[in-house]
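>>> sequence first, predicted coordinates after that:
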Amino acid sequence: MCGIAGIIGNRDRQAAREKVGRMLKALEHRGPNDVGIEVWDGAILGHRRLSIFDLSAAGHQPMLTPDGKIGVIFNGAIYNFRQLRAELEQKNYKFKSETDTEVLLYGYQEWGFDKLVAKINGMFAIALWDDLRKTLFLVRDRLGVKPLAFAVENGAIAFASTVRALKAAGYGGDLDETGVAEYLEFGFLTDNFSIYKNIEKLAAGEILEWRDGRIIEKRIYWDVPKTPSETTISFAEAVEETERLFLQAVEKRLQADVTIGALLSGGIDSSLVCWAIKQLGGDVTAFTVGTPNDVFDETNIAAQTAKQLGIKHEVLELSADKPPNIDELVKAYAEPFACASALGMLGISKEVTKSATVLLTGDGGDDIFLGYPEHKHYLTAGKLARSSPDFAADLWRKTRRIVPQVGTIKRAVSFLDYSFGGLGAVGQARDGLPVYERNNLLGERLKDVSLSHRQMDWTIESGRNLLAEFLEYDRETRFVGEYLPKVDGGTMFYALEARSPFLDTELWEFAAKLPFGMRLHNGKSKAILREIVRRRIGEKLASGKKQGFIVPVQKWLAEHWKAHFVEILRDSILEKEGWINVKPALKLLENSIPKNWSPRQLWFIFVLESWLRFEKNLTN
């Protein structure tokens, strides 16, 4: 893992070098082991290194070809670099390091950029400058595990691992109205928007090519299969192939020249990772987050699993009652980020980095093998829509107006909305911007802002294909906007490289083609993974309920953080700049105190205000 930055097309060499230097300073936590800058006529690349492969100076970046005409910087890990290196050595390329970086240089010379990208397997954000062709290539890995942002200004392009790094160099404008609205809706920003105007994010699986002062082309080189294919394999065969691909994915991620650890909760995904490590002969320590006296504490289950697998195990205790310092959250994440479990991720990373530099996690299993409760609901809703005539949607829209939406009836109304309204109904169901509007929380700058997912039409056709459409929508929102940044931001703040075998693209391609009914076999979420756990670890773990790591920020806001929240809102930057109205927010908080539970929209405002104050201090 590392941090990358660069500027192409700025003819003021000194000014450009200073800007890259400021970006690298902002990225220092991502790469504390080394720093490097290389300059060509009209091009500068900069790098912060976290050493994982070849800890010597031979791994220094930017890395150049012997003639200095091609330079590369990258953040991430190429898991098949040794195979590619062997292929290139047969073509007489001479390597000077044992890093995965050098393969990118000679692979580009041999195959060209697109074929190189097609060959590499891993998680990455890469910038390659070809000085002979005066061309820059930027690329992001297939699933979007590693971040990459850019800004175009006056015929030049600047790029960096984070939005904050670009802003530190003077790129970007004021806060973007739609970006702020999206954050208040979700508690995070997707790749479609930046918190600042004039800063964009490269999409997952996308290549950007820059030459002659402009973007020549942006092209998608890979995408997840959107609709399951017809299959003749049985459930048992799907389980066997998944196990084979998963073991292969874990084996790839056990490559490193530093100490590796693994997360172990009481759940299926992380337990499978630890089982696979043991099966492959890996010698790692498993870390469990313990929350003593908390109903969601998973320490005992994790300890039993570790003992059964015969792996070393450590418990990292985090108090469920003592709230962490929110300052760490706003420092770690380049844009406002209100994912509550990010606080836990930061606490874990801080402790794990004392013992390991690489951490294997179980992230991604729920997303591709269908582990969230809504997956089953949407599959069932789709079945109802497919068995209903077209006029049923019109009939339901007329009927729902007179149906009381309380208790179990309200849940039934939502289910029918999904069946006969599809993704449009799903997009409007969340308690996002409407909560702010009902409580008069939005300032003048947000009065006329709308979000596209709330404008989607309700159609029965969408209902008939609801789960497939939702998975595509979810990957473009929660997956790349919340789940992946949570892990990258939390671990990299402490210079810890996170790797998840469930984010292996070969595994995703296979699983994505499996019918939904097979992935939810017999009505069980994550049925394929559960079956592997049942066979390899035990029935008790396989039949356990998903519970996740709970961080009660809404409770803390009504209790421990209340005084701080009130204090900062009374001198609110958000209100001064026209984003929110303070009096209604304080009234909503006051009404929440007797319940010891505040609306999550107040938590989102708390994080945004705290983040904005931190940003203002950085620029002062």
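It's in.
>>> thought W611 was touching V330?
Yes. At 4.3 Å, W611 and V330 qualify as touching, with contact defined as C-beta atoms under 8 Å. Every C-beta, even on glycine, is put in place using the N, C-alpha and C of the backbone.
>>> list residues touching both of these two?
Counting by C-beta atoms under 8 Å, 6 or more residues apart in numbering, the residues touching both W611 and V330 are P336.
>>> residue most distant from the centroid, the protein?
I402 (41.1 Å; C-alpha atoms, centre = their mean).
>>> please identify the buried residues of stretch 326-334?
I326, E328, L329, V330, K331, A332, Y333, A334 (16 or more other C-beta atoms under 10 Å).
>>> again with stretch 482-491
E482, Y483, L484, P485, K486, V487, D488, G489, G490, T491.
>>> off-centre distance for it?
Distance of stretch 482-491 from the chain centroid (C-alpha atoms, centre = their mean, to the nearest Å) equals 5 Å.
>>> just the CA atoms of it, as PDB, please.
The C-alpha coordinates for stretch 482-491 follow below in PDB (Å, rounded to 0.1, in the frame of the first residue of the first chain):
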ATOM      1  CA  GLU A 482     -18.900   2.900   2.200                       C
ATOM      2  CA  TYR A 483     -17.600  -0.600   2.500                       C
ATOM      3  CA  LEU A 484     -14.300  -0.300   0.600                       C
ATOM      4  CA  PRO A 485     -13.300   3.200   1.800                       C
ATOM      5  CA  LYS A 486     -14.100   2.200   5.400                       C
ATOM      6  CA  VAL A 487     -11.400  -0.500   5.300                       C
ATOM      7  CA  ASP A 488      -8.900   1.400   3.100                       C
ATOM      8  CA  GLY A 489      -9.200   4.700   5.100                       C
ATOM      9  CA  GLY A 490      -9.100   3.000   8.500                       C
ATOM     10  CA  THR A 491      -6.200   0.700   7.800                       C
END
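>>> so what touches that stretch?
With C-beta under 8 Å, 6+ apart as the criterion, stretch 482-491 contacts 1, 143-147, 186-188, 332-334, 337, 339, 341-342, 345-346, 348-349, 359, 361, 363-364, 367, 497-498, 500.
>>> same question for stretch 439-447.
By C-beta under 8 Å, 6+ apart, stretch 439-447 touches 177, 180-181, 184, 433, 435-436, 574-575, 577-581, 584-585, 588, 601, 605.
>>> G170: what's it in contact with?
K19, R22.
>>> how near is it to N154?
12 Å (C-beta to C-beta, to the nearest Å).
>>> give me the element the residue nearest in space to the middle of the chain is part of.
For the chain, L484 is the residue whose C-alpha lies nearest the centre (C-alpha atoms, centre = their mean; 1.4 Å). L484 is located in helix 484-492, with elements delineated by DSSP states H and E.
>>> can you check F193 too?
Counting by DSSP H and E, F193 is found in no helix or strand.
>>> next, give phi and psi for the residue lying closest to it once chain neighbours are set aside.
Closest residue to F193 apart from its sequence neighbours, by C-beta to C-beta, 6 or more residues apart in numbering: G179 at 4.2 Å. Backbone torsions of G179, given as degrees, to the nearest 10, read phi -60, psi -40.
>>> mind listing what G179 touches?
Per C-beta under 8 Å, 6+ apart, neighbours of G179: L189, F193, S194, I195, Y196, K197.
>>> please parse the chain into its domains.
As recorded under automatic domain parsing, the domains making up the chain are 2-220, 235-369+480-542, 373-473, 553-619.
>>> what's the closest of those to T227?
Of all those, it is domain 373-473 that lies closest to T227, at 5.3 Å by C-beta to C-beta.
>>> got the buried residues for the helix or strand encompassing V239?
Assessed by DSSP H and E, V239 sits inside helix 235-252. Buried residues in helix 235-252, counted by 16+ other C-beta under 10 Å: 235, 238-243, 245-252.
>>> just after that helix, pick out the following helix or strand.
strand 260-263.
>>> next SSE after that following strand?
helix 268-279.
>>> I'd like to know which elements that next one is packed against.
Packing partners of helix 268-279 (3 or more C-beta pairs under 8 Å, 6 or more residues apart in numbering; DSSP states H and E): helix 235-252, strand 260-263, helix 299-309, helix 365-369, helix 527-536, helix 539-542.
>>> please name the nearest non-neighbouring residue to Q61.
H47 is the one closest to Q61 (C-beta to C-beta, 6+ apart), at 3.9 Å.
>>> you'd agree the one you found is up against G71?
No. The criterion here is C-beta under 8 Å, and H47 misses it with G71 at 9.8 Å.
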